[in-house]
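S.K.: the sequence and its predicted three-dimensional model are supplied below.
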Amino acid sequence: PTFGMGLVSATGQSGDVDLSFSNGSFEFILDELLDVEYHLTRKSYINFGFGINWRNYRMTGDKRFVKEINNIILKDYPDGAEINFSRIKIFSLTFSMILKHKINKNFGVGIGPVLNINTGGNIKTRWRVDGTPGKDRYYDIHQNFVTVDFKGIVYIKPFSLYFKYSPTNVISENRGPEFRSMSAGILFGL
């Protein structure tokens, strides 16, 4: 098994969506909880793995995520609000197929797709008005049930660096603002 953590950002952001590495968006990964390797050569192999992923897409700007009827919209905070954050959290089961190549015993590279089954999603927003806390929480946010990440890894014992990009919108089409996921971080073997 591998444990990872990284920063999350977004690309293809529509309108007032402001998701970036600097907003404190993050992810946690438990990777290769179950995995199988198929060796192509002595130094190259394909790793098929199963894991879990938890991503937080966090905004700290003037807008917040709100669920109205069956759609996710961006809305202003109440007048005079001291803004804390508004975030979307997505929980996923992951299935990866990574082509790995060992350059030497301490260094290698990998690349391949990761299929995400996004089983859970929610929105949480916090602010204060005149010292009184305000909070919104929404479930059933219409996240895309299936998304795909393209993952690149550099293995430098005893850890690895990764980068992931998804060309698929996080929220289902016509259900909310458009943005796609991008993340980078570090992985440690357990």
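M.R.: Looks like it arrived, so ask away.
S.K.: where does this structure have low pLDDT?
M.R.: 190 (pLDDT under 70).
S.K.: swap in 80 and give it another go.
M.R.: 14-16, 22, 190 (pLDDT under 80).
S.K.: quick one, strands of the protein?
M.R.: With DSSP state E as the criterion, the chain has strands at 2-11, 26-39, 44-59, 63-68, 71-76, 81-104, 107-129, 132-139, 146-156, 159-169, 180-189.
S.K.: got the buried residues for the fourth one?
M.R.: When burial is assessed from 16 or more other CB atoms under 10 Å, strand 63-68 yields the following buried residues: 63-67. Every C-beta, even on glycine, is put in place using the N, C-alpha and C of the backbone.
S.K.: let's have the strands of the chain in a markdown table, adding distance to Asp18.
M.R.: Compiled in a markdown table, the strands of the chain are given as follows (distance: least, CB to CB, whole Å):
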| stretch | distance to Asp18 |
| --- | --- |
| strand 2-11 | 9 |
| strand 26-39 | 16 |
| strand 44-59 | 5 |
| strand 63-68 | 7 |
| strand 71-76 | 9 |
| strand 81-104 | 10 |
| strand 107-129 | 14 |
| strand 132-139 | 17 |
| strand 146-156 | 21 |
| strand 159-169 | 16 |
| strand 180-189 | 14 |
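S.K.: point to the residue nearest the middle of the protein.
M.R.: Arg55 (3.8 Å; CA atoms, centre = their mean).
S.K.: so what's it closest to, chain neighbours aside?
M.R.: Of all residues beyond its chain neighbours, the one nearest Arg55 is Glu27 (4.3 Å), with distances taken as CB to CB, 6 or more residues apart in numbering.
S.K.: so that neighbour sits against Tyr57, correct?
M.R.: No - under the contact definition of CB atoms under 8 Å, Glu27 does not touch Tyr57, with a separation of 9.4 Å.
S.K.: between the two, what contacts are shared?
M.R.: Counting by CB atoms under 8 Å, 6 or more residues apart in numbering, the common neighbours of Glu27 and Tyr57 are Val8.
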